[in-house]
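show me the folded form of this:
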Amino acid sequence: MNKPFLKSTLAFAVLSAMALSGQAQDQVNEEQNANSQIEATKLQTIVVTASGSEVNVKDAPASISVITSEDIKRQPFSSLAEVLSDLPGVTGGFKNSGAGSKITFRGMPDKYTLILVDGKRIGNQSLLGHRPDRTEQDLNWITPDMIERIEVIRGSMSTLYGSEAVGGVINIITKKVPNELGGSISVDYTKPDTSQRGVTKSYGATLTGPIADTLGFRLGVNRTDREGDKDSENGTSGSTTDTANGRLTWAPTDNHTFNFDASWGSDKPDVIENGGSQFGYEMERYGFGIGHEGIFANDLKTYADLYYNQIENIDEWAKANASVGDTKATEAVLDLKATKPLQVAGFNNDLTVGAQYKYEEVSNASNIGNINIDVENGEELNPDLSPNAYSWSLFAEDQIHLQDNLILTLGGRLDQYEDFDLNFSPRGYVVYHPADVWTVKGGVSRSFRAPNLKERSPTSSTGSRGNGCRVFSDWGGSSAGHVCHMLGNPDLEPETSTNYELGFGYAEGDYAVDLTYFRSDIENLMQNQRYQRYGNNFYTMQQNVEKARTSGIEVTYKFPLSDYVRMSGNATYMIESKNLETGATLLATPELTLNAALFWDVTDQLSLHSKVQYLGKQALQEADSSATFAKAYTTMDIGANYDVNDALTLKAGVINVAGVSIDAGGDGTGNPAEYYVGFTTRF
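Numbering: from 1, shown residues only. Okay, the predicted model is just below:
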């Protein structure tokens, strides 16, 4: 029996069984399951990322999705991007490296997405590669078994989180330290159905519990080891990612808690066996922090976090071709926040005020401080090998309960960056429930993105390493041997955008559907523009010369097919994602994306699931970008989870059952079917 026929038969059998499952259950189990579902609907989902204080997800003043720890454990772990790829408004997560591996929101590049762990920044490795599009996204610095849930905000949240949150926020919430000693061990093994692709193995372990009456600890470690592909033309290099995360929690009283955090991570690439050319970077990360949570009279709550992050790139090419300098990014951050319920003019208010101070520094031996002549006038420059900057901000947000079913959220943030004028980002958002099952929500906000240290460095120059520069093709710059240099610009101004959102939702029991329209109008868009040519050297420079717009519609839904089978999914239609001056696409984004998932609780121990994703025809980027899709794609995954007992869970399945090959341009093609098995044991 050939493999395509076997995979198709297996997929058909699983889906058929799901559709007929309701007839296979006895009456006793039906009643027990129904009672459980009734109890579950009474529980509220509380989120902390969408506003300054905790809020029920149905009242959240933003478009938010929540991924639970059960969602993460359902399939083998190789990257959180794969877990996030099913969300509405999301592009990416379907490749092991490059642009296709990165999560982006609503047609905006990944540099517009802020990644947090427990509300704290985790550093930024995008400045440390020779090209930022070749470095990995900062998603995998946390041990997956330590994750309680992931809260994902789609759309601008600059009012609360500042410059980096123009496109959205990913907040990874970790598990609390429990009162009893316990832990877990997880092992996953994934094998592609071709010998040309590498095997992926992942190992994880956690240990948590009390040390004394007021002191507890949490420790997590993980290794994900992916073998390099033998196909150097279409494959990707392998990598080994290690993480270790630890926390000490001290609660001297019921009202005061101190957290001491430390983390380490290493992401080391391998080389493709055939010697294929890849931009691979070995990253090493350290993080340290101390935090305090306090509860005072009249329900005043305070939060203070002081932390430090360092990411270093061990780039052998840069070491061999640069005379001085390290490749390292550091940041030190102080976050302060206080929340308090108030009565103002007869209305209940949930007030949040906060402040942040951040100092950051970066050095990159391959492209920062490596140009010492102004290419326009020939004047000598003094190279700055380690540009640095500080910023501070003040923010406030108030959720005003105008009625029991009507909440108005007003907020604003002042950001002062060392090299820029004071910026104000306001937000207004309304959530209205005309009936218990209906929600109408929408708002307007202003956001900004400050140029990063590399973009505004006058002595920063990223070269194409002899690979030519398509944007200069009419100057003879498309052939090998010509080098394109992308220069920083100290005269850049921050981008600003005005963001709109309007949504309607219905939810009753296990049924729910939401429809949201979004739009962002961007001013002072920063993009590389032609600058100068000298001989075989071509220069571009970051310029504030253009406007851009992204807009689209998101639909999410869920409903039961029986007491044991449920379906959920979403659709995203991108109306626009383009540069309004040139008409070029801002980000390669499918015009239509569809996701559908089917879950079948066969017994109390066995559950099956299937997922289908459709990526519509890709809008092409401008000619100097290779990250495009040529056609539409449909992929399907199937899997099973079996709880042997309270201490052991087994899982198995097939990812991309039909072996559909997704062409992501410059990061290689080919996505073979992958068979996986794994287990998690708890103690």
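
and stretch 399-407, what's buried?
Using 16 or more other C-beta atoms under 10 Å as the test for burial, stretch 399-407 gives Gln399, Ile400, Ile407. Backbone N, C-alpha and C define where each C-beta goes, glycine included.

mind listing the residues bridging to the first one?
With DSSP bridges as the criterion, Gln399 is bridged to Asp350, Thr409.

contact partners for it?
Residues in contact with Gln399 (C-beta atoms under 8 Å, 6 or more residues apart in numbering) are Ser51, Gly52, Ser53, Val55, Pro61, Asn349, Asp350, Ile407, Leu408, Thr409.

and the fourth one, what are its bridge partners?
Same thing as Val55. As for beta bridges, Val55 partners with Val47 under DSSP bridges.

that one contacts Gln44, doesn't it?
No: at 9.8 Å, Val55 does not count as touching Gln44 under the criterion of C-beta atoms under 8 Å.

who has more neighbours, these two?
Val55 (24 against 11; other C-beta atoms under 10 Å).

residues near Thr330, how many?
18.

in three-state terms, how would it be classified?
At Thr330 the chain is in strand, as set by DSSP: H, G, I helix; E, B strand; the rest coil.

now render the buried residues of stretch 399-407 as TSV, adding pLDDT.
Shown next, in TSV, are the buried residues of stretch 399-407 (pLDDT from 0 to 100):
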residue	pLDDT
Gln399	97
Ile400	97
Ile407	97
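
among these, which one lies nearest to Glu151?
Gln399 (17.0 Å; C-beta to C-beta).

how about low-confidence regions in the stretch 51-200 of the chain?
Residue ranges of the stretch 51-200 of the chain with pLDDT under 70: 95-100, 133.

quick one: the strands in it?
For the stretch 51-200 of the chain, applying DSSP state E, counting those that start in this stretch gives strands covering 55-56, 63-68, 90-91, 104-105, 113-117, 120-121, 147-154, 168-174, 182-192, 200-212.

could I get the ones you listed as TSV with distance to Leu580?
Listed next are those as TSV, based on distance: least, C-beta to C-beta, whole Å:
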stretch	distance to Leu580
strand 55-56	35
strand 63-68	24
strand 90-91	20
strand 104-105	19
strand 113-117	22
strand 120-121	31
strand 147-154	22
strand 168-174	21
strand 182-192	42
strand 200-212	42
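
so which of the ones you listed gets nearest Gly294?
Shortest distance between Gly294 and the strands of the stretch 51-200 of the chain, using C-beta to C-beta, is found for strand 120-121: 17.2 Å.

quick one, what contacts the nearest residue to Glu379 once chain neighbours are set aside?
Nearest in space to Glu379, with sequence neighbours left out and distances taken as C-beta to C-beta, 6 or more residues apart in numbering, is Ile373 at 7.3 Å. By C-beta under 8 Å, 6+ apart, Ile373 lies in contact with Glu379, Glu380, Leu381.

okay, now Pro89: neighbour count?
Careful, residue 89 is Gly; it's not Pro. Counted with other C-beta under 10 Å, Gly89 comes out at 28.

also Asp637?
Neighbours of Asp637 under the rule other C-beta under 10 Å: 23.

any idea which of the strands of the stretch 51-200 of the chain is most buried?
When you average the neighbours per residue for each of the strands of the stretch 51-200 of the chain (mean count of other C-beta atoms under 10 Å), strand 104-105 leads with a mean of 27.

what does that one rub up against?
If you take C-beta under 8 Å, 6+ apart as the criterion, strand 104-105 is touched by 89-92, 110, 112-113, 154-155, 167-168, 587, 589.

look up how far Ala262 lies from the closest residue in space to Ala304 that isn't next to it in sequence.
Once flanking residues are discounted, Ala304 sits nearest to His292: 4.8 Å by C-beta to C-beta, 6+ apart. For His292, the distance to Ala262 (C-beta to C-beta, to the nearest Å) stands at 17 Å.

what's the answer for Ser461, then?
Plainly put, Ser461 is 36 Å away from Ala262 if you go by C-beta to C-beta.

which one's more surrounded, those two?
Ser461 (21 against 14).

for that one, which residues are in contact?
Ser461 makes contact with Asn367, Asn370, Ile371, His485, Met486, Leu487, Gly488, according to C-beta under 8 Å, 6+ apart.

from the chain's centroid, how far away is the host helix or strand of Met567?
Per DSSP states H and E, Met567 falls inside strand 565-579. Average the C-alpha atoms of strand 565-579, do the same for its chain, and the two points are 17 Å apart (C-alpha atoms, centre = their mean, to the nearest Å).

list the helices and strands it packs on?
Applying 3 or more C-beta pairs under 8 Å, 6 or more residues apart in numbering; DSSP states H and E, one finds that strand 565-579 makes contact with strand 537-560, strand 592-601.

reformat the buried residues of stretch 399-407 into TSV and put distance to Gly503 next to each item.
Shown next, in TSV, are the buried residues of stretch 399-407 (distance: C-beta to C-beta, whole Å):
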residue	distance to Gly503
Gln399	17
Ile400	19
Ile407	14
